[in-house]
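J.: how would this look folded up:
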Amino acid sequence: MAEKKVKPPKNLLGVFEIIPEDMDNLDDLMNNVVKPAVDKMGAAVETYRIEPIAFGAKKIIARLIFKEAEGGTQPLEDAITDLEEIQRAECSMVTIIS
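T.: Okay, the predicted model is just below:
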């Protein structure tokens with residue numbers, strides 16, 4: 001009987017929109033709260049930027065690199081949203097990078 005080859009997981013790039021609770025010190029929030037949480041999930045923040053939404057509100061657009069896994073982006077979205085300082089996080093786009 002032929003052996004079934006297991007394909008290694010692909011590396012993915014996802015664009016995540018992160019809505020913080022507090023609109024101040026978003027660089028500190030990314031570096032001291034979000035990045036460590038993402039690292040614990042086995043992912044990495046490639047880049048991020050802060051964009052105004054409306055009425056003084058801002059969002060963080062983060063490009064995260066992670067391995068293809070069961071559940072897709074949901075585990076990362078949940079881990080970021082579960083942070084006390086974050087209202088919501090959702091992935092708006094994913095692509096294979098290798």
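
J.: just so I have it, where are all the helices in this protein?
T.: Using DSSP state H, the helices of the chain run over 26-29, 35-40, 74-81.

J.: closest to R49 out of the ones you listed?
T.: Closest approach to R49 among these is made by helix 26-29 (9.9 Å; Cβ to Cβ). Placement of C-beta: from N, CA and C, glycine included.

J.: Counting by contacts, list what the closest one packs against.
T.: Here helix 26-29 touches strand 58-67, going by 3 or more Cβ pairs under 8 Å, 6 or more residues apart in numbering; DSSP states H and E.

J.: Name the strands paired with the strand it packs on and say parallel or antiparallel.
T.: Using DSSP bridges, strand 58-67 pairs in its sheet with strand 11-20 (antiparallel), strand 44-52 (antiparallel).

J.: most packed of the helices of the chain?
T.: Sort the helices of the chain by mean neighbour count, taking mean count of other Cβ atoms under 10 Å, and helix 74-81 sits at the top with a mean of 17.

J.: Looks like A44 contacts I65 (just checking).
T.: Yes: judged on Cβ atoms under 8 Å, A44 makes contact with I65 at a distance of 4.9 Å.

J.: Which one of the two is surrounded by more residues?
T.: I65 (15 against 12; other Cβ atoms under 10 Å).

J.: For this structure, give me the ranges with low pLDDT.
T.: Low-confidence segments of the chain, defined by pLDDT under 70: 1-2.
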